[in-house]
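Peer 1: With the input below, show me the fold.
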Amino acid sequence: MKTKEFIRKNLKWIILFICAISVIGILEDVLEDEILTLDIYGYNLVSKYLISDFITPIAKCITQLGGAIFLIILSLFLLIVIKNKKMSLLICLNLALSAILNQALKFIVQRPRPTEYRIIDETGYSFPSGHSMVSAAFYGFLIYLIYKNIKNKYIKWSLITLLSCITLLIGISRIYLGVHYTSDVIAGFLISISYLIIFTHFSKEFLKNEQK
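Peer 2: Got it, this is the predicted structure:
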């Protein structure tokens, strides 16, 4: 019972630890210039089974949902329409911090992008995937706010499901379009989960203090 109680109280920190260890494991291989088995599976899956004239334009549209321009416009829109300005400012801050963190990690790791095939042109380094990491942080924080603040269960879970699917599809689109390895995308998601655990912890305290 004590173990279950400990896990229940510290679940988010346990998840953070697991994500961090997983990223370190991926990063070890990346820094040794290895192509991970994960990357080979991802490449084979996309190149053999997914690429088609029908899916390609869809993937190009989906990937834009994780692009800088779209996320900035969306965050500014939310800044205007959300009545709680502290909350809307946190949304903008979250976008800025996650983007800065991603660029810092890219600069440190400096992994070249894959060259096997390329459907769209993309510049910069590959690890971790910026679209995957920043969109997961952005939409993940929106999911957190929706879960905490929307009372209607139908609306709440519909929005959470929609945003979760968008985030996952953005990651898949980056592999499909040939601009990232599978490990770039998975690492981006894992880093965002770790980051969000910390960001939401302080955000919760900040919003709580503002309400007093």
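Peer 1: give me the low-pLDDT residue ranges for this protein?
Peer 2: The chain contains residues with pLDDT under 70 at 1, 6, 209-212.
Peer 1: For the top helix by length along it, which helices and strands make contact with it?
Peer 2: When the chain is scanned for its longest helix (criterion: DSSP state H), the result is helix 182-211. Counting contacts by 3 or more CB pairs under 8 Å, 6 or more residues apart in numbering; DSSP states H and E, helix 182-211 packs against helix 11-31, helix 37-45, helix 85-109, helix 130-149, helix 153-176. Quick note: C-beta positions are derived from backbone N, CA and C, even for glycine.
Peer 1: Let me have those helices in a markdown table, extended by mean neighbour count.
Peer 2: Below are the helices and strands packed on helix 182-211 laid out as a markdown table (neighbours: other CB atoms under 10 Å):
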| stretch | mean neighbour count |
| --- | --- |
| helix 11-31 | 15 |
| helix 37-45 | 15 |
| helix 85-109 | 17 |
| helix 130-149 | 23 |
| helix 153-176 | 17 |
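Peer 1: can you list those in TSV and add distance to Lys4?
Peer 2: Listed next are those as TSV, based on distance: least, CB to CB, whole Å:
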stretch	distance to Lys4
helix 11-31	11
helix 37-45	32
helix 85-109	32
helix 130-149	23
helix 153-176	26
